[in-house]
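Asks: take this sequence and fold it.
(chains A and B)
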Amino acid sequence: DAKTTQPPSMDCAEGRAANLPCNHSTISGNEYVYWYRQIHSQGPQYIIHGLKNNETNEMASLIITEDRKSSTLILPHATLRDTAVYYCIVREDGGGNQFYFGTGTSLTVIP
Amino acid sequence: GAGVSQTPSNKVTEKGKYVELRCDPISGHTALYWYRQSLGQGPEFLIYFQGTGAADDSGLPNDRFFAVRPEGSVSTLKIQRTERGDSAVYLCASSLLLEGGTDTQYFGPGTRLTVL
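Replies: Predicted structure coming up:
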């Protein structure tokens, strides 16, 4: 599976949009981009995933560049409860289906 | 509906002892995964079950670690002769094992294992 690179930490003001970048320059054509987050002392929580097209759900939006070498997770109106570690993962379609997590981005939402 | 549950939530044991960690997946989920998370790190894959069989156990660190899922539902992770380095949060996840890259894993809260 392709490796991902994320900034180790970011801050965001409450109520503003949080934009979390992820580089996955070695991604292959059949690998999906997944985002999970982990609030302190909890298990990872699924946020969103995509292959080529931008995706949006009730939690966030996922913007994938045309060459698929990077993506951005957008939390449109960050709240204090969004403070967490955010993991960007690329996973091959089919196969073992396990996730390979990196160290993620620690997002702190500031009042 | 009920999510993935794990018991116990915390386990403290002494070096050399045997421990069992239990995972109850979401009902109907075919796939079950075990991960281990050390402080400050992301979760690390250990083993993956498809039904009753271990489809991939390449992440198990050594032969002291073993996992079973005898009826294709509940799974138990077993660690023999525990070492201090085994201290971590052990996470379980389950999924429907859908095709087409849409197979979302749902995680439990984890079991925090401390080996003294």
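Asks: list the buried residues for stretch B:77-87?
Replies: Within stretch B:77-87, the residues scored as buried using 16 or more other C-beta atoms under 10 Å in any protein chain shown are B:77, B:79, B:82, B:86-87. C-beta coordinates here come from the backbone N, C-alpha and C atoms, glycine included.
Asks: hmm, residue A:19 is touching residue A:76, no?
Replies: No. Contact between residue A:19 and residue A:76 fails when scored by C-beta atoms under 8 Å: they sit 9.9 Å apart.
Asks: phi and psi next, for residue B:84.
Replies: phi -60, psi -30 (degrees, to the nearest 10).
Asks: next: residue B:85.
Replies: Dihedral angles of residue B:85 (phi, psi; degrees, to the nearest 10) stand at phi -70, psi -10.
Asks: next, the contact list for it, please.
Replies: By C-beta atoms under 8 Å, 6 or more residues apart in numbering or on different chains, the residues touching residue B:85 are residue B:115.
Asks: name the surrounding residues that touch stretch B:51-66.
Replies: Contacts for stretch B:51-66 (C-beta under 8 Å, 6+ apart): A:96, A:98, B:30, B:44-49, B:67, B:69-72, B:77-83, B:86.
Asks: now do the buried residues in the lowest-mean-pLDDT helix or strand in chain B.
Replies: Least confident helix or strand of chain B, by mean pLDDT, DSSP states H and E, is strand B:53-56 with a mean of 90. Using 16+ other C-beta under 10 Å as the test for burial, strand B:53-56 gives B:54-56.
Asks: ok, so of these, who is nearest residue A:104?
Replies: Closest approach between the buried residues of strand B:53-56 and residue A:104, by C-beta to C-beta: residue B:56, at 23.0 Å.
Asks: and that closest one, how far is that from residue A:77?
Replies: 39 Å (C-beta to C-beta, to the nearest Å).
Asks: around chain A, pick out the residues from chain B.
Replies: B:4, B:31, B:33, B:35, B:40-45, B:48, B:55-56, B:59, B:91, B:93, B:95, B:97, B:99-110 (C-beta under 8 Å from any C-beta of the partner chain).
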